[in-house]
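Asker: Kindly generate the corresponding structure for this input.
(chains A and B)
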Amino acid sequence: MIRGENLVPVRFDLSALVRRSVATFYSHLVTRHTGQALRIGIESQIKDMQSLCLSILDFSQVAVLDYSCADETVAKLLRRYQEADRPVDAYFIARGVSDRHRDALEEVLTRHGLALVAEVDGVGATLLGAATPEERAAWQALEGLVCAPAATVAARVSMDEPTAACTLDRLADRRIVLRRGSPVNYYALSPLARGA
Amino acid sequence: MKIVTVPSTLDERTFDAMIRSYVEGGGGRTLVDARHLSWVDPYGMLGLLALGAVAAREGERPILQLAEGSDVVSYLARMGFLEQAAAFYEINGAHRRSRAVDGESDVLLEITPIRSHTDIHEVVDRVHVRAQAILTRQLAYPPNESFQFAVILAEVCQNIVDHAGADGWVAVQRYSRTRRLNRPVVRIGVVDLGIGFKESLASTHAARFGDRWNDATALEAAFIHGLTRFHDPGRGQGIQQIRRRVAKWNAKFSIRSGTARIADIPDWDDAPPLEEGLPYFPGSQIFIELPKRVVEDAPSRPAVGAGTRERRR
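Answerer: Okay, the predicted model is just below:
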């Protein structure tokens, strides 16, 4: 519960979902066609959610992820749900990310100027994709704090408070952190996904 | 009768000679003379298959003359060539028997038609575990990079489904050594008979190039600049991804389409990065050669890029 709101974490096992969505026996995330089917499958499952939704894209059973599929699934999902007319208030986080997936994810995210919070095997919560050093520092600080106002984050990263607030707002607009309440508090996504 | 002479060694470098023989041949029914063929790799094999398909379009079924009972015929059978070729050629001299693997080479993927996205899934499913083992154990690639082989294969096959507008084939082979390299390599051939790069990109890019628009400029647009006919900024990056990976592995990557070929050339190969004025052949023909990694293959040393605009006619 985030200040009176229900946050519903929804986990998508991408390997299992691709079998259902593409109607094949294959679990590799390759081809644009597969990516499109996956994205539509995810969108259809979250479209009716009335509350805030944290979608966990679970790559742990995915052996092969190519650029085209990553672009069609991850980049297009993130872009769609950053738009003002997004169908649902959904956030995304990747889980089970390893070396097998990281190249393709980093590439598509950077190309589109996007970023994604990912639970990377052996590393923990990591910000993949495009972000400035200030954004990375603020995001990292918030991950440690879990939930904090801009002043607390500012103190952690040696920024002045307006700069920290501005940086955190940018991260919130990019849906890498959650901004809620008045006075404003910022929430890291990965702690919210724990247990899902 | 149009007689096409197949070189004794048929691979990416000798493919043009075979096509030139076809293009410059006379009229009438086509006879593809492969009696002297003694060595063929996946690219050469798919090229021979594609030639049969093109010749068959002209009317009468072409004839493929193989050297009866030769080792190469056994290998062609093992790779599934004879089965595929029967759709286009009248084949003489082929005995459909297989022999034990000779120890010098290893079939990683027999000739596999690529008609849809499902075929790509099947290819990845079939090769990725074995390819990973070969790249790690025999080509000394780091385990955390070897899985990229399946990614490369998926991207390169996708080029057929998304852009060619026609069917194609893929085949992969490991060799203990080649004439050029005295170390193990894996060779990938991907061939289609589709519209080719020039036509695929024409609707969105030809106007900007005006009279300069040709097979070479189309290949440069796709290979170097990552352009496609789509306006989506995420498109066209598959080839760029392959180029980055190939450079890191000090490997070779070439694409032939129409009358041109563009390539990323590693230091162990002396092919030009861009060739124009080649004998016309429809569709696109893609070649990737991954050599065993050696200590001096430092990833920071770039391959000779196609962007140097070195040309040969």
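
Asker: In this model A:A151 seems to touch A:Y186, though I could be wrong.
Answerer: No: the criterion here is Cβ atoms under 8 Å, and A:Y186 misses it with A:A151 at 10.9 Å. Where C-beta positions appear, they are placed from N, C-alpha and C, glycine not excepted.

Asker: which residue packs closest to residue 115, ignoring adjacent ones?
Answerer: Using chain A. Using Cβ to Cβ, 6 or more residues apart in numbering or on different chains and skipping the chain neighbours, the partner closest in space to A:A115 is A:G129 (3.9 Å).

Asker: Correction: the question concerned chain B.
Answerer: What sits nearest to B:R115 in space, not counting adjacent residues and going by Cβ to Cβ, 6+ apart, is B:D167, at 4.8 Å.

Asker: Low-confidence regions, the stretch 1-150 of chain B specifically.
Answerer: For the stretch 1-150 of chain B, the stretches with pLDDT under 70 are B:95-105.

Asker: And the helices in it?
Answerer: Using DSSP state H, counting those that start in this stretch, the helices found in the stretch 1-150 of chain B span residues B:15-23, B:42-57, B:71-78, B:81-85, B:117-137, B:143-146, B:148-159.

Asker: how about a markdown table for those, with mean neighbour count and distance to chain A added?
Answerer: Output for the helices of the stretch 1-150 of chain B, formatted as a markdown table (neighbours: other Cβ atoms under 10 Å in any protein chain shown; distance: least, Cβ to the nearest Cβ, whole Å):
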| stretch | mean neighbour count | distance to chain A |
| --- | --- | --- |
| helix B:15-23 | 20 | 27 |
| helix B:42-57 | 24 | 20 |
| helix B:71-78 | 19 | 26 |
| helix B:81-85 | 21 | 23 |
| helix B:117-137 | 20 | 4 |
| helix B:143-146 | 16 | 4 |
| helix B:148-159 | 26 | 4 |
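
Asker: Need the three-state assignment for A:G144.
Answerer: helix (DSSP: H, G, I helix; E, B strand; the rest coil).

Asker: So which bits of the stretch 201-313 of chain B are right by chain A?
Answerer: Residues of the stretch 201-313 of chain B lying close to chain A by Cβ under 8 Å from any Cβ of the partner chain are B:P233, B:G234, B:R235, B:Q237, B:G238, B:Q241.

Asker: quick one: which two of those are the most distant?
Answerer: Spatial extent of these (Cβ to Cβ) is set by the pair B:P233 and B:Q241 at 14.5 Å.

Asker: Please say which of those two ends up with more neighbours.
Answerer: B:Q241 (21 against 13; other Cβ atoms under 10 Å in any protein chain shown).

Asker: Pretty sure the more buried one sits in a strand.
Answerer: No: under three-state DSSP, B:Q241 falls outside any strand and is assigned helix.

Asker: can you tell me how far it sits from A:L14?
Answerer: With distances taken as Cβ to Cβ, to the nearest Å, B:Q241 is found 20 Å from A:L14.

Asker: Start from the N-terminal end of chain B and give the strands.
Answerer: Secondary structure of chain B by DSSP state E: the strands cover B:2-5, B:9-10, B:30-34, B:39-40, B:63-66, B:90-92, B:105-114, B:168-175, B:185-192, B:252-258, B:260-264, B:274-275, B:281-291, B:311-312.

Asker: What's the mean pLDDT across the longest one?
Answerer: Along strand B:281-291, the predicted local confidence has a mean pLDDT of 97.

Asker: To A:A137, which of the strands of chain B lies closest?
Answerer: strand B:260-264 (37.4 Å).

Asker: what sits up against the closest one?
Answerer: B:214-216, B:218-220, B:223-224, B:243, B:246-247, B:252-255, B:271-278, B:303-306 (Cβ atoms under 8 Å, 6 or more residues apart in numbering or on different chains).

Asker: hang on, the earlier thing: could you tell me which residues make contact with the residue nearest to A:A115?
Answerer: Contacts of A:G129 (Cβ under 8 Å, 6+ apart): A:L105, A:E106, A:L109, A:T110, A:L114, A:A115, A:L116.

Asker: Now it: phi and psi?
Answerer: Backbone geometry at A:G129, expressed as degrees, to the nearest 10, gives phi 100, psi -150.

Asker: do B:E12 as well
Answerer: phi -60, psi -40.

Asker: Just give me the neighbour total for it.
Answerer: Using other Cβ under 10 Å, B:E12 has 25 other residues around it.

Asker: I'd assumed B:Y43 was in contact with it.
Answerer: Yes: here B:E12 reaches B:Y43: they are 4.7 Å apart, a contact under Cβ under 8 Å.

Asker: Please identify which helix or strand holds A:C69.
Answerer: Using DSSP states H and E, A:C69 sits in helix A:67-70.

Asker: Which SSE is immediately downstream of that helix?
Answerer: Next along the chain from helix A:67-70, counting by DSSP H and E, comes helix A:76-82.

Asker: Any figure for the gap between B:L46 and B:I160?
Answerer: On the measure of Cβ to Cβ, B:L46 and B:I160 end up 11 Å apart.

Asker: Tell me where chain A has helices.
Answerer: A:14-22, A:32-46, A:67-70, A:76-82, A:99-112, A:133-145, A:150-157, A:161-173, A:189-193 (DSSP state H).

Asker: now those helices in CSV, with mean pLDDT, mean neighbour count and distance to chain B?
Answerer: Shown next, in CSV, are the helices of chain A (pLDDT from 0 to 100; neighbours: other Cβ atoms under 10 Å in any protein chain shown; distance: least, Cβ to the nearest Cβ, whole Å):
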stretch, mean pLDDT, mean neighbour count, distance to chain B
helix A:14-22, 66, 19, 8
helix A:32-46, 90, 19, 4
helix A:67-70, 94, 29, 5
helix A:76-82, 94, 17, 8
helix A:99-112, 93, 21, 4
helix A:133-145, 96, 19, 21
helix A:150-157, 96, 18, 31
helix A:161-173, 97, 18, 20
helix A:189-193, 89, 21, 23
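
Asker: As a markdown table, these with distance to B:G196 would be great.
Answerer: Converted to a markdown table, those look like this (distance: least, Cβ to Cβ, whole Å):
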| stretch | distance to B:G196 |
| --- | --- |
| helix A:14-22 | 29 |
| helix A:32-46 | 20 |
| helix A:67-70 | 20 |
| helix A:76-82 | 28 |
| helix A:99-112 | 26 |
| helix A:133-145 | 44 |
| helix A:150-157 | 53 |
| helix A:161-173 | 43 |
| helix A:189-193 | 46 |
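
Asker: is it true that B:D215 touches B:F197?
Answerer: Yes: look at B:D215 against B:F197 with Cβ under 8 Å: they come within range, at 6.9 Å.

Asker: With neighbour numbers in mind, choose between the two.
Answerer: When neighbours are counted by other Cβ under 10 Å, B:D215 and B:F197 differ, and B:F197 comes out ahead with 30 against 23.

Asker: Was I right to think that one contacts B:I255?
Answerer: Yes: under the criterion of Cβ under 8 Å, B:F197 makes contact with B:I255 at 7.4 Å.

Asker: which neighbours do these two share?
Answerer: B:L219, B:A222, B:S284.
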